[in-house]
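[1] the following comprises the amino acid sequence and a computationally predicted model.
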Amino acid sequence: MKLRLFGCCWFALAALLATATAAVSVTVESLPDHTLRFVVLETMRDLVRHRPATRRYEFTTPMSHIVRADQIRSYHARYQGADGMWLTHREPSCGYILLSHPLHPRRVEFRLLENWEVSVVVPMTINGKHRVKVRHP
């Protein structure tokens with residue numbers, strides 16, 4: 001009986017985590033001016049209200065294997081969820097983006113920090129491990 005209860009608890013926890021995880025898609029497009037245009041879309045579920053929420057990041061970078069945060073331009077982020085909506089144009093304050101290949105990336109790793117307030121630095125969460133699969137347009 002205890003083993004069955006223990007198994008049910010693990011199953012419930014796994015189901016909760018499965019609904020709470022974020023799905024991330026990244027589109028990387030090479031532009032004629034030798035820059036890359038990123039569109040990152042993260043969809044998740046609000047654990048409290050069980051409603052969907054989305055975050056969308058758009059920005060351009062130079063065409064390179066490693067891109068530093070200070071090379072990111074035209075940054076725009078939009079969040080929409082059960083608790084409201086926000087928009088920002090504040091570029092990440094530090095970090096980098098690592099691409100497996102600048103023209104045809106199969107994997108992109110984000111290590112970026114957004115500076116929301118002067119004294120507070122918040123990590124830009126793309127997904128739990130900061131690794132995402134890339135879709136090509």
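    Sure thing, it's come through.

[2] what about the helices in the protein?
    All helices of the chain, identified by DSSP state H, fall at 2-20.

[3] could you check how far residue 90 is from residue 52?
    25 Å (Cβ to Cβ, to the nearest Å). Backbone N, C-alpha and C define where each C-beta goes, glycine included.

[4] hmm, I typed the wrong one, I wanted residue 63.
    Distance of residue 63 to residue 52, given as Cβ to Cβ: 34 Å.

[5] quick one, which of the two is more surrounded?
    Between residue 63 and residue 52, counting by other Cβ atoms under 10 Å, residue 63 is the more crowded of the two (15 against 12).

[6] give the contact list for the more buried one.
    By Cβ atoms under 8 Å, 6 or more residues apart in numbering, the residues touching residue 63 are 30, 34-36, 102-103.

[7] restricted to buried residues, select those in ChimeraX.
    Selection of buried members from the contacts of residue 63 for ChimeraX, criterion 16 or more other Cβ atoms under 10 Å:
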select :35,36,102
